[in-house]
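1. below: sequence and its predicted model.
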Amino acid sequence: MAVKIRIPPSLQRLTQGKDEVEGKGGTIIELINNLEIRYPGIGERILDDGKIRRFINIYLNEEDIRFLQAEQTEVKDGDEASIVPAIAGGSK
């Protein structure tokens, strides 16, 4: 099962500079675990105790997985996922 995954610039050093990779898995958590096998270190930047870190947003086919089944959201062949770190800051 191939899923296209968009990688943010902050994680691209772990994917040999690739901004898009393919992954396999039946759920989001399996997809991330598969990425960790192929690109060591990426999992620890996305997950905390098996859950997606608060400041990481993942979209599946442009839908926020927090409004689906979070880490247990099912993925299928041809889906597209995006990893988007939350951005904070600004001035008063």
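-> Sure, I can see it.
2. in the chain, which spans are helices?
-> Remark: helices of the chain, listed N- to C-terminal, are 28-38, 42-46; assignment by DSSP state H.
3. buried residues of the last one, list them for me.
-> Right, helix 42-46. Buried residues in helix 42-46, counted by 16 or more other CB atoms under 10 Å: I42, G43, I46. Every C-beta, even on glycine, is put in place using the N, C-alpha and C of the backbone.
4. is it true that I28 touches A81?
-> Yes - with contacts counted by CB atoms under 8 Å, I28 reaches A81, the gap being 7.3 Å.
5. which neighbours do the two have in common?
-> Overlap of the contact sets of I28 and A81 (by CB atoms under 8 Å, 6 or more residues apart in numbering) consists of I58, L60, V75.
6. picking that back up, indicate which one of the helices of the chain is closest to L11.
-> For these, distance to L11 was read as CB to CB. The smallest value, 6.0 Å, belongs to helix 42-46.
7. lovely, talk soon.
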